[in-house]
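Asker: quick one, what's the 3D model for this:
(one chain, ligands or ions: 1)
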Amino acid sequence: MRATDSAPWWRSAVIYQIYIRSFADGNGDGVGDIAGIRSRLPYLRDLGVDAVWITPWYPSPMVDAGYDVADYTGIEPAFGTIADAEAFIAEAHDHGLRVILDIVPNHSSDRHAWFEAALAAGPGSPERDRYVFRPGKGEHGELPPNDWRAAFGGGAWTRVPDGEWYLHLFAEAQPDLNWENTEVRRDFEKILAFWFDRGVDGFRIDVAHGLIKQEGLPDAGESVDVLEPTKREDHPHWDRDGVHEIFREWRRVADRYEGDRAFVAEAWVSGPARLARYVRPGELQTAFNFDFLRAPWDAARLREVIDRSLDALGAVGAPATWVLSNHDVVRHVTRYGRPHTEGHGPRADTSEPLDLALGVRRARAAALLMLALPGGAYVYQGEELGLAEVEDIPEESLQDPVWERSGHTSRGRDGCRVPLPWSGDAPPYGFSPDGVTTWLPQPASWTGLTAEAEAADPDSMLALYRAALRVRREHPALGEGTLRWHETPEGVLLFSRTPGFACAVNLSGAPYPLPAHHEVLLASGPLEGGALPHDTAVWLAVDD
Ligand code: NOJ
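Answerer: Residues are numbered from 1 along each chain as shown. Here you go, the predicted structure:
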């Protein structure tokens, strides 16, 4: 975000994603918590981000690491208390950081009082109508109501003792709420207000594209993969038109508050045109741009995704957002270190050869590309340290429900969720007090990748992110705006932004001679005289 901007902060903010279980452990139980986050606020301020997004911190049985919420207006005791949350919000604001929470409206936990009441009240009751209960098919209702599959593997329906079935698009312990029910709608508006009243600046909306199901719940005729975008525009439970009415209501709630409260939609949809529908005037302000994350390390494809995103979002007056990693996908150092870099790879083929040095080199270049593009950007905790996916977590330590529900065919997403290394040269690397076992084991190879080690190394990934975020804050061309492409040899991206800025990324195999008359502001790696080596990016001061 530029200091001089008069536009709302969310149009250009760099938002740091805190995966709370793995950020910092303040109470010494091996799991991250609010006290841990508070202790690291100076680190985030010095990094130079504008806001933090905290993954769900509500009371939860943790079947899906907090995305199974048992009480939307409480705090999970393992993470702290409401008083801790309030103190954290105030302190973050004191450090100049805004706070975005994660709201999970598609489903609750099966331990939520609403679901417990629905089970107790029985078929046909108003309590049951808060969820999606249906009689089964077959002579005795022994077959599920339709063919829908759960995103984590297996069927999307579970039968309860009285014979009805309930829908869960994710794990069995995550029953889908019925968004046709007006009480569900009013309750969520109250939940938003509860947190807005406590000063939060916005919400990331989990599975925003899933809330509305097609009337009659017809068969889908296909199975969905975990967090894969649907290719269809008429899918019976993804990206239905009805979701937009809900978000227009939510926008009205946010607009009652001062200070530009904002939303970001997690919506895995079929492309930028569908995504743009979520950020039309009067709806949500921003949405994650997963097409960028999924794009292969290929100049033409990246340029196509960038152009299509800017065009589609610009057409509705919304800013783009750029994201390379999050808690659901293989860390991009690892993605870019494999020959096939397309897609996000929760089921990455670990048999493909991995060149980590190449992955790091490309990740450095990708960071400069992302942070030079018009709009906002997301940084997933640990990407600023250059962490790779941990692919050798012992099977007995795996926690992601994907592991069980896939019948042990997919290891799931734990490899990008390993607790951060802060200091020292052995686990728990300052994440927890020495001697404490962290909830996922950390690798021995992280010794040189702690925040402490990297802060002392001018060539580290951390040093690169800090420098890039500093230039981004200060340079009048960066943040919101437009870009202009320049002609280059195949495999090279070169664009300029006014006033006086250009970014070049070399994805070709050969060195690229940089344009004349420039000053280097920042480079992702050493330059070769006046040439940009392969898999390297540079920011230049140029004449307009
Ligand atoms: C998307 C979240 O990012 C993911 O971690 C979670 O498992 C699903 N939604 C279900 O809530």
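
Asker: pull the number of nearby residues for the closest residue in space to residue 298 that isn't next to it in sequence.
Answerer: Excluding the flanking residues, the one nearest residue 298 by Cβ to Cβ, 6 or more residues apart in numbering is residue 507, at 6.5 Å. Backbone N, C-alpha and C define where each C-beta goes, glycine included. Burial of residue 507 is recorded as 25 neighbouring residues (other Cβ atoms under 10 Å).

Asker: and residue 507, how far from residue 301?
Answerer: Residue 507 sits 10 Å away from residue 301, taking Cβ to Cβ, to the nearest Å as the criterion.

Asker: now the protein against the ligand: closest residue?
Answerer: Going by Cβ to the nearest ligand atom, the ligand is nearest to residue 67 of the chain, at 3.4 Å.

Asker: wait, isn't that residue in contact with residue 106?
Answerer: No - checked against Cβ atoms under 8 Å, the pair residue 67 and residue 106 is beyond contact range at 9.3 Å.

Asker: what sits against the residue nearest to residue 298?
Answerer: Counting by Cβ atoms under 8 Å, 6 or more residues apart in numbering, residue 507 touches 297-299, 302, 365, 491-493, 534-535.

Asker: mutual contacts of residue 67 and residue 106, please.
Answerer: Common neighbours of residue 67 and residue 106 (Cβ under 8 Å, 6+ apart) are 170, 206.

Asker: confidence-wise, which helix or strand of the chain is lowest on average?
Answerer: Within the chain, confidence by mean pLDDT, DSSP states H and E is lowest for helix 401-405 among all helices and strands, at a mean of 89.

Asker: which residues are contacting that one?
Answerer: Outside of helix 401-405, the residues within contact range by Cβ under 8 Å, 6+ apart are 63-64, 150, 152-154, 170-171, 226, 346, 395, 410-414.

Asker: quickly list what residue 101 is bridged to.
Answerer: Legend: beta-bridge partners of residue 101 under DSSP bridges are residue 203.

Asker: now check the least confident helix or strand of the chain, is it near the ligand?
Answerer: No - judged by Cβ under 6 Å from any ligand atom, helix 401-405 stays clear of the ligand, getting no closer than 7.9 Å.

Asker: which residues belonging to that helix are considered buried?
Answerer: Within helix 401-405, the residues scored as buried using 16 or more other Cβ atoms under 10 Å are 401-403, 405.

Asker: of those, which is the nearest to residue 524?
Answerer: Taking Cβ to Cβ as the measure, residue 524 sits nearest to residue 402 out of the buried residues of helix 401-405, at 32.9 Å.

Asker: need the nearest residue in space to the closest one, chain neighbours excluded.
Answerer: residue 412 (3.2 Å).

Asker: ok, now residue 312?
Answerer: Nearest in space to residue 312, with sequence neighbours left out and distances taken as Cβ to Cβ, 6+ apart, is residue 272 at 3.5 Å.

Asker: against residue 289, how distant is that neighbour?
Answerer: Residue 272 is 8 Å from residue 289, where distance means Cβ to Cβ.

Asker: quick one, which of these two is more surrounded?
Answerer: residue 289 (27 against 20).

Asker: surely the more buried one and residue 320 touch.
Answerer: Yes - Residue 289 is in contact with residue 320 according to Cβ under 8 Å; the separation is 5.9 Å.

Asker: which neighbours do these two have in common?
Answerer: Common contacts of residue 289 and residue 320 (Cβ under 8 Å, 6+ apart): residue 309.

Asker: which parts of the stretch 151-300 of the chain are helices?
Answerer: Counting by DSSP state H, counting those that start in this stretch, one finds helices in the stretch 151-300 of the chain at the ranges 182-197, 243-255, 272-276, 290-294, 299-315.

Asker: quick check: end-to-end length of stretch 9-26?
Answerer: In stretch 9-26, first residue to last residue: 30 Å (Cα to Cα, to the nearest Å).

Asker: cool, stretch 120-135 as well?
Answerer: Across its full length, stretch 120-135 reaches 16 Å between end residues, using Cα to Cα.

Asker: how about stretch 405-421?
Answerer: Stretch 405-421 end-to-end distance (Cα to Cα) = 30 Å.

Asker: now swap in stretch 369-382 and tell me
Answerer: Start-to-end span of stretch 369-382 (Cα to Cα) is 18 Å.

Asker: how distant is it from the center of its chain?
Answerer: Relative to the chain's own centre, stretch 369-382 is displaced by 12 Å; criterion: Cα atoms, centre = their mean, to the nearest Å.

Asker: count the residues that sit near residue 484.
Answerer: If you count neighbours by other Cβ under 10 Å, residue 484 ends up with 11.

Asker: how far away is the residue lying closest to residue 451 once chain neighbours are set aside from residue 159?
Answerer: Residue nearest to residue 451 in three dimensions, not counting chain neighbours: residue 422, with 5.1 Å by Cβ to Cβ, 6+ apart. According to Cβ to Cβ, residue 422 stands 46 Å off from residue 159.

Asker: surely residue 536 meets residue 528?
Answerer: No - applying Cβ under 8 Å as the test, residue 536 and residue 528 come out as separate, 9.2 Å apart.

Asker: ok so, going back, can you lay out the contacts of residue 507 as a markdown table showing neighbour count?
Answerer: What follows is those, written out as a markdown table (neighbours: other Cβ atoms under 10 Å):
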| residue | neighbour count |
| --- | --- |
| 297 | 24 |
| 298 | 14 |
| 299 | 18 |
| 302 | 18 |
| 365 | 27 |
| 491 | 16 |
| 492 | 18 |
| 493 | 23 |
| 534 | 18 |
| 535 | 23 |
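
Asker: out of those residues, give me the two with the largest separation.
Answerer: Across these, the longest distance by Cβ to Cβ is 14.9 Å; it joins 302 and 534.

Asker: compute the first-to-last residue distance for stretch 247-263.
Answerer: This stretch, stretch 247-263, spans 9 Å end to end (Cα to Cα).

Asker: for the record, mean pLDDT for it?
Answerer: Computed over stretch 247-263, the mean pLDDT rounds to 98.

Asker: return the distance of it from the chain's centre.
Answerer: 21 Å.

Asker: pull the residues that contact it.
Answerer: 8-10, 100, 185, 188-189, 192-193, 196, 200-205, 208, 265, 278, 282-286.

Asker: end to end, how far does stretch 522-535 reach?
Answerer: Start-to-end span of stretch 522-535 (Cα to Cα) is 15 Å.

Asker: give me the distance from that stretch to the chain's centre.
Answerer: Chain-centre distance of stretch 522-535: 30 Å, with Cα atoms, centre = their mean.

Asker: got a list of contacts for that stretch?
Answerer: Identification of contacts with stretch 522-535 by Cβ under 8 Å, 6+ apart yields 358, 361-362, 364-365, 367-368, 464, 467-468, 471, 492, 504, 506-514, 520, 536-539.

Asker: next one: stretch 206-218
Answerer: Contacts of stretch 206-218 (Cβ under 8 Å, 6+ apart): 56, 67, 102-107, 132, 134, 145-146, 148, 167, 169-170, 176-177, 179-180, 236-243, 246-247, 265-269, 278, 284, 287.
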